[in-house]
Each structure stands twice: as C-alpha cells, then as structure tokens.
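Participant: With the input below, show me the fold.
(2 chains)
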Amino acid sequence: MKLFRRTPAPLPITNVDGPIAIIGNSHIAALKGALQQAGENCNEDDFVFWGATGRDFAKIEFTNGTLTGADEQLCKQINGGRYIDLPLADFKAIVIHAVAFRQFVLVNMLKRSGLNIVQISTEVLAALVEEFMPKQGTTQLVGDITAAFDGPVIVTPMPMPAKSSGLFANTKPSRDELEQLQKVTRAYWAKMGAALVEQPGETLSRQLYTEDRFSRGSLRLQGNLSVRHKADDFKHMNSKYGAWVLADVTRKLAELQHGDRDG
Amino acid sequence: MANPYEQLPDQAFWKPAVADRDWCDISGMWMPKWDIGPDTKIATFGSCFAQHFSRALTKRGFCWLNCEALPQAASDDLVARYNYNIYSARTGNIYTVASLRQWLDWAFGKAKPPQEIWAKDGRAYDPFRPMIEPDGFADKAEVDRARQATLKALRLVVKRADLLVFTLGLTEGWENASDGHIYAMCPGTAAGDFDPEQHRFVNYDAAGIARDLDHVIGLLRTENPLLKLLLTVSPVPLTATASGKHVLTATTYSKSVLRGAAGEAADRYAHVDYFPSYEIITAPVFGGRFFADNQRSVTQTGVNFVMSAFFDALAHQSGPDQDRDGPAAPEPDEATEMEDDLVCEEVMLEAFADRTGSKE
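Facilitator: Residues are numbered from 1 along each chain as shown, chains lettered A, B, ... in the order given. Okay, the predicted model is just below:
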C-alpha cells in the first residue's frame, strides 16, 4: 500500500477489454463521476453502472446469469436505461464496488475487542473473516456471480469513513494492522473467486480514515450526478476518490485479462 | 481456661466437624480472608482444573477478567477452538509455579522468552503453550507476535485485577537443559522433538516451589500492590509421571508439596489465601464420590460441589446472618458424567501408556 502519493491519479487505463459492469450501491457515484470527468481519456461506453441505493440493494437477485431487482428509474439515470436487468454475459468483467465488503466495520470490530491485528495469527484472523463476511448479506451474491461468470470479478471495499466520523478515535488502527488484515481478506475473496482491489493507500490518512479531500463534495447517485451529499456526510466519496479506485481497478483488470483469472 | 482447646470452635475438632456429619453437611472449610463480591475483578490461571473457576465466576455473574478476548461476534466454536476465554490471558494451562513465574518474568521484562520453536507438519508451535492453536502457527514470527499479545494481556491482567486465583497442578515438568526455560509439556508429546541432551525432567521440591511462589508474590505485589492472590491445588491426579515412581505415589508427593507450599504462603502473607479445592474433592470423608470411573477426572457433580463451597463461603463472609449449612448437596438426579470438555494437554500423556501392561 503506497503512502501519500500526492500526484493526481492516472486516468483510467484503456487497455482493458470492455464492456465492464460496475455494480454497487450509492458509492458507485464516485466512480461514475470520475469517468465523467475523465472526458476523452477513456471511453465511458466501456463501463455500465448498475445497482441500488441503501437498503434497496437487498432486493437485488441473481438468477440464470442475470441480476434483477434494481429500480428502473435509477438505472435510467445511471446507465441511460441501457440495462434495467443486467445479464452478465454481456460483459467482459464485473466490478462490485463497496457494497460487498464493509472493511471499516471489520477493522473496528477487531480493534474494539482490544486486539492488535498484527498479533493475531493468520489462521485466527481468517476464521474471524470467514465468520464476518456472510453476515454482510452480499457475500452470497458475490459467490453466485463468480460461480456463474467466466470473466474476472473484482471486489472493492466500502471506503473508510472520513475523520469526522470519529470511528477510530478510541481504537486507532494502524496501517500495519490494515495490511495484515488485507492479506487475509485478499485470500478470502480469492477463495470466493474474486480479486480484491483494496482502497488505494493514497486516499488514506495515517489513522486509516479516508482523507477529507476525497470525501468533500461527494455526489448522490441520481440524475446526472449534480446533487451533492450533505456537507457533513463522512461516508461517501467524491470523483477524485473514484479516479484513484478506477485506476487501481482497471490496472488489476488488465492484469487479469492478460493472465489467469484470480482465485 | 485449662488449655487453648477449650476455646476452639467445633470446626477445629474432627468428631463434630467431620465424623458426626453427613458428608454434604461438612462446612466452614474455607473462611475467606477478605470479601470477594460480584464487583471484584478476578483473574484466573493455572492447571486444567482452574478452568472451572472462570466458568463458574462467569456463570454466577462475577467479574471475571478477560484481557485477551476475540470480538463478541466471534462464535463460541471459534473461541473454543483457538483457546480464548479460558484464562484471563491466553497462556494456556500453567501447570507449575515455575511456569507461572516464567510467564510473569517475561511479561514484566525480568527475562526474555527464548527463541526456541517446536515444529510439526510444517507448522510452528509455541513450546510454552503448544496447543493454543491446534494447527500451530504459520511460522516463528507469528508465534512471537502472538506471544507478545499474550504478554501484554498478562500485564493488563496483573494491573487491573483485584484478585488472582491460581490453581497449582503439578510439581513435575520439563526444562531446557541449557537455558532452564520451562516447557508447558514434554517436548515430543504435543509437538517438537525430544532430545535427552537438551530436555531434562524436573520434579520441583518444596523449597523450590516456595522460592518460586515468593518470587511470584513479590512481583505481583510490585506491579499491583492491591492485588490479592488465592491459591488452590488441583485435585486431579497426574496422568503420568516421569519420576520413576508409581503414578499414585507420585501424585501424592506432588499434591502434598503443592498443598504445603500454598498453605505456607497463605499463612505467611496477609494478601494470600488458600481455597481447599483439593480437600473437598479428595478427602476420604467424601468417599471418592467426585471422581469419574477413571478415578482421575472430576465429575460435574464434584465441580459443582467445589464451586458451591466457594460461593457459599463468600456469601457467608459478606452476610453473617446467613445460614452456615454446608455447600448445597448435588441434586439426586444430577448426572455424574465426566467433566471432559476441559482443555487439558496433560491428559495427552495417556496416549503414551503401554497398553499391554508389559511394564508391570
């Protein structure tokens, strides 16, 4: 995990085979915003956004290779109505952004019990992760998708909240602890048939919050992404964040598409 | 007064206190030196029998101190598999006073843990708690890191506890012949390889145990001047002895020495007390009724009887108007099944018994 690389993230790489479906909840707005701002530097048509916000994501189902259950109006807004249902066979790769892995919840759960994550054995940590993941609800969906889809599937974690959340005020996790955990979560998702692309290190503060410059001005997943979240929203991220994530995701996709499928 | 015996209460005399009573009416065997209540922060360590204390304390709503716990969301199976929530830090069973001294010396920087690691099937095992992770650790670095977590937890326990209950289990143990560090078990049993040049048997004697106990008491006093210590001796006989003697006489030696050491410490120090687990289970007046068919495992009935004696004495201590009946007799229909769900490495030694009897 690289630290404090302050140069702007490279814009999405074009050497991925599209189209690519980006599935998720409200957090996919950050990625969509990044693509919109990339302009001529990428082909937006290569990317199809699909999903549901908030609790509506629990209504998403996967049957016979097709994802269903999304709100039609939302789909019209985020993918121009190209896909109300999402047949995965139409795509070369799938990215499941944020909705499948609440990493910050896992970190906080471990830290609140007083543990130093670095000092937990890999086996115990893996056992804890195995117990934690199914409780998130969308893990089964990811498993169903990876079982049915031949191309690469990438999972990205929900971003760490901003500092104003105060989430880690008492637990103070360290980067070493996050790296220890990521070894295990990477292996977990690989076993599920997906490649985990972690939150870019450049977006994290030393205290493992997402830096404020990535959370300010975050956009709602609606319309043409012209509506901002409230100023005190510490959960959602902006297009700058989306750009970093897309860069890492497309880099990983390029690697997977030229080699064996991860997991 | 013609002589001091005239002033003594009934409990000082065998006939009224023992012979003339039903076994379940024998009471007053422990008169706690201090009040211990639900708010007392109690830590527990020791041999397998010690696990009953942590369970009973938790069940009764007492404040059992656990400074090395997994998240509450972790399943009971996961917690049990990796030996969390058994003792107040994840030391595993501590069978001897020397081992307790060693753990505390490491925790408080008086000595450094050695570099030795045991290997088995490509995994690394901690020689000082070889079964703490049933499949071992990935490598030595992981063993070292995990042990650091336990040592930190042990420091926290000592600093935070009001009372530490230590169950003395064995006098027999195995040491490293070069450095003197003390293994939890004989190398080559749970993991590792036995090397007669490197590994020596030790049967701690009364003087040695007293020295180690004094060291432990002194160290605890330094780190937490308010911490009290409750000693008890495990009634469970040895699974096996490497002393060359019959296991029954070796058991008697061990328990006698431990009982002597614990009793002397309790007499010498105001902040040290002794609780008679050993007597409650093994005294002839109880007729061996608390042992399972193998004459070694303590039945659940026996455990309940011991713990009832413990809590009844505490209740009497805090409420002088309470009836002075003995600990509650077990319910007539209570199962006398073996207490076989303890985590006990020592019982592994049974696997090495010569089953043909050719060693008679």
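
Participant: Flag every buried residue along the helix or strand residue A:142 falls within.
Facilitator: Element membership of residue A:142 [criterion: DSSP states H and E] is helix A:139-148. Neighbour-count burial for helix A:139-148, counted by 16 or more other Cβ atoms under 10 Å in any protein chain shown, picks out A:139, A:141-143, A:145-146, A:148. Quick note: C-beta positions are derived from backbone N, CA and C, even for glycine.

Participant: And the helices in the stretch 201-350 of chain B?
Facilitator: B:206-223, B:247-268, B:277-282, B:300-318 (DSSP state H, counting those that start in this stretch).

Participant: about what we covered before: name the next helix or strand following the helix holding residue A:142 along the chain.
Facilitator: strand A:153-157.

Participant: returning to that earlier point: for the helix holding residue A:142, name the packing helices and strands.
Facilitator: Judged by 3 or more Cβ pairs under 8 Å, 6 or more residues apart in numbering or on different chains; DSSP states H and E, helix A:139-148 is in contact with strand A:61-63, strand A:93-98, strand A:153-157.

Participant: I'd like those strands as a markdown table, with mean pLDDT, distance to chain B and mean neighbour count appended.
Facilitator: Shown next, in a markdown table, are those (pLDDT from 0 to 100; distance: least, Cβ to the nearest Cβ, whole Å; neighbours: other Cβ atoms under 10 Å in any protein chain shown):
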| stretch | mean pLDDT | distance to chain B | mean neighbour count |
| --- | --- | --- | --- |
| strand A:61-63 | 95 | 27 | 15 |
| strand A:93-98 | 96 | 21 | 26 |
| strand A:153-157 | 97 | 18 | 27 |
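
Participant: residues contacting the closest residue to chain A within the stretch 201-350 of chain B?
Facilitator: Residue nearest to chain A within the stretch 201-350 of chain B: residue B:343 (15.7 Å; Cβ to the nearest Cβ). Under the criterion of Cβ atoms under 8 Å, 6 or more residues apart in numbering or on different chains, the neighbours of residue B:343 are B:48, B:51, B:83, B:86, B:92-93, B:131.

Participant: Residue B:223 now?
Facilitator: By Cβ under 8 Å, 6+ apart, the neighbours of residue B:223 are B:108, B:155, B:158-159.

Participant: again, but for residue A:187
Facilitator: So residue A:187 contacts residue A:126 (Cβ under 8 Å, 6+ apart).

Participant: Strands of chain A, start to end?
Facilitator: Counting by DSSP state E, chain A has strands at residues A:20-24, A:47-51, A:61-63, A:66-68, A:86-87, A:93-98, A:153-157, A:195-196.

Participant: how many other residues sit next to residue B:251?
Facilitator: By the measure other Cβ atoms under 10 Å in any protein chain shown, the count of residues near residue B:251 is 21.

Participant: Find the nearest non-adjacent residue to it, please.
Facilitator: The shortest distance from residue B:251 to any non-neighbouring residue, by Cβ to Cβ, 6 or more residues apart in numbering or on different chains, is to residue B:237 (4.3 Å).

Participant: And for the one you found, the neighbour number?
Facilitator: 19.

Participant: Surely residue A:110 and residue A:181 touch.
Facilitator: Yes. Contact criterion Cβ atoms under 8 Å: residue A:110 and residue A:181 qualify, at 7.4 Å.

Participant: When these two are compared, which one has more neighbours?
Facilitator: For residue A:110 versus residue A:181, the count of surrounding residues by other Cβ under 10 Å is larger for residue A:110: 26 against 22.

Participant: re the thing from before, my guess is the residue nearest to residue B:251 contacts residue B:297. True?
Facilitator: No. Applying Cβ under 8 Å as the test, residue B:237 and residue B:297 come out as separate, 9.5 Å apart.

Participant: mind checking how far the closest residue to chain B within chain A is from residue A:213?
Facilitator: Nearest residue of chain A to chain B: residue A:119, at 3.7 Å (Cβ to the nearest Cβ). For residue A:119, the distance to residue A:213 (Cβ to Cβ, to the nearest Å) stands at 33 Å.

Participant: Isn't residue A:246 up against residue A:33?
Facilitator: No. Distance between residue A:246 and residue A:33: 10.1 Å, which falls outside the contact criterion (Cβ under 8 Å).

Participant: Between the two, point out the one with more neighbours.
Facilitator: For residue A:246 versus residue A:33, neighbours defined as other Cβ under 10 Å are more numerous around residue A:246 (29 against 22).

Participant: So for that one, what pLDDT did the model give?
Facilitator: Listed pLDDT for residue A:246 reads 92.

Participant: quick one: it and residue B:179, what's the gap?
Facilitator: Taking Cβ to Cβ, one finds residue A:246 at 56 Å from residue B:179.

Participant: does stretch B:82-98 come close to chain A?
Facilitator: Yes. Residues of stretch B:82-98 contacting chain A under Cβ under 8 Å from any Cβ of the partner chain: residue B:82.

Participant: Now render the helices and strands packed on helix A:139-148 as CSV, adding distance to residue B:222.
Facilitator: Output for the helices and strands packed on helix A:139-148, formatted as CSV (distance: least, Cβ to Cβ, whole Å):
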stretch, distance to residue B:222
strand A:61-63, 62
strand A:93-98, 51
strand A:153-157, 46
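
Participant: Helix, strand, or coil at residue B:124?
Facilitator: strand (DSSP: H, G, I helix; E, B strand; the rest coil).

Participant: so it bridges to which residues?
Facilitator: residue B:119, residue B:137 (DSSP bridges).

Participant: can you pull the contacts of it?
Facilitator: B:117-118, B:136-140, B:142-143.

Participant: Verify the contact between residue B:202 and residue B:177 for me.
Facilitator: No. Assessed by Cβ under 8 Å, residue B:202 is found out of contact with residue B:177, at 10.1 Å.

Participant: and those two? which has more neighbours close in?
Facilitator: More crowded of residue B:202 and residue B:177, by other Cβ under 10 Å: residue B:202, with 16 against 12.

Participant: what residues does chain B put near chain A?
Facilitator: Counting by Cβ under 8 Å from any Cβ, chain B sits next to chain A at B:67-75, B:78, B:81-82, B:133, B:135, B:137-138, B:142, B:145-146, B:148-149, B:152.

Participant: List only those of these flagged as buried.
Facilitator: Looking at the residues of chain B next to chain A with 16+ other Cβ under 10 Å, the buried ones turn out to be B:67-71, B:74, B:78, B:82, B:133, B:137, B:142, B:145-146, B:149, B:152.

Participant: Restricted to strands, list the residues you listed.
Facilitator: Per DSSP E, those never map to strands.

Participant: Which ones among the residues you listed map onto helices?
Facilitator: Judged by DSSP state H, helices contain the following of those: B:78, B:142, B:145-146, B:149, B:152.

Participant: Tell me where the stretch 51-200 of chain A has helices.
Facilitator: A:72-79, A:103-112, A:122-132, A:139-148, A:175-191.

Participant: okay but residue B:142 is in contact with residue A:122, surely?
Facilitator: Yes. Assessed by Cβ under 8 Å, residue B:142 is found in contact with residue A:122 at 6.7 Å.

Participant: so what sits against both of these two?
Facilitator: By Cβ under 8 Å, 6+ apart, no residue touches both residue B:142 and residue A:122.

Participant: Distance of residue A:174 relative to residue A:205?
Facilitator: In terms of Cβ to Cβ, residue A:174 sits 12 Å off from residue A:205.

Participant: so what sits against both of residue A:110 and residue A:181?
Facilitator: Between them, residue A:110 and residue A:181 share the contacting residues residue A:117, judged by Cβ under 8 Å, 6+ apart.

Participant: Can you lay out the strands of chain A as TSV showing distance to residue B:124?
Facilitator: As requested, the strands of chain A are exported to TSV (distance: least, Cβ to Cβ, whole Å):
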stretch	distance to residue B:124
strand A:20-24	41
strand A:47-51	44
strand A:61-63	42
strand A:66-68	45
strand A:86-87	47
strand A:93-98	36
strand A:153-157	31
strand A:195-196	27
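
Participant: Show the low-confidence segments of the chain, by residue range.
Facilitator: As the question left the chain open, I've gone with chain A. Scanning chain A with the threshold set as pLDDT under 70 gives A:1-14, A:223, A:259-263.

Participant: try chain B instead
Facilitator: Ranges of chain B meeting pLDDT under 70: B:319-341, B:354-360.
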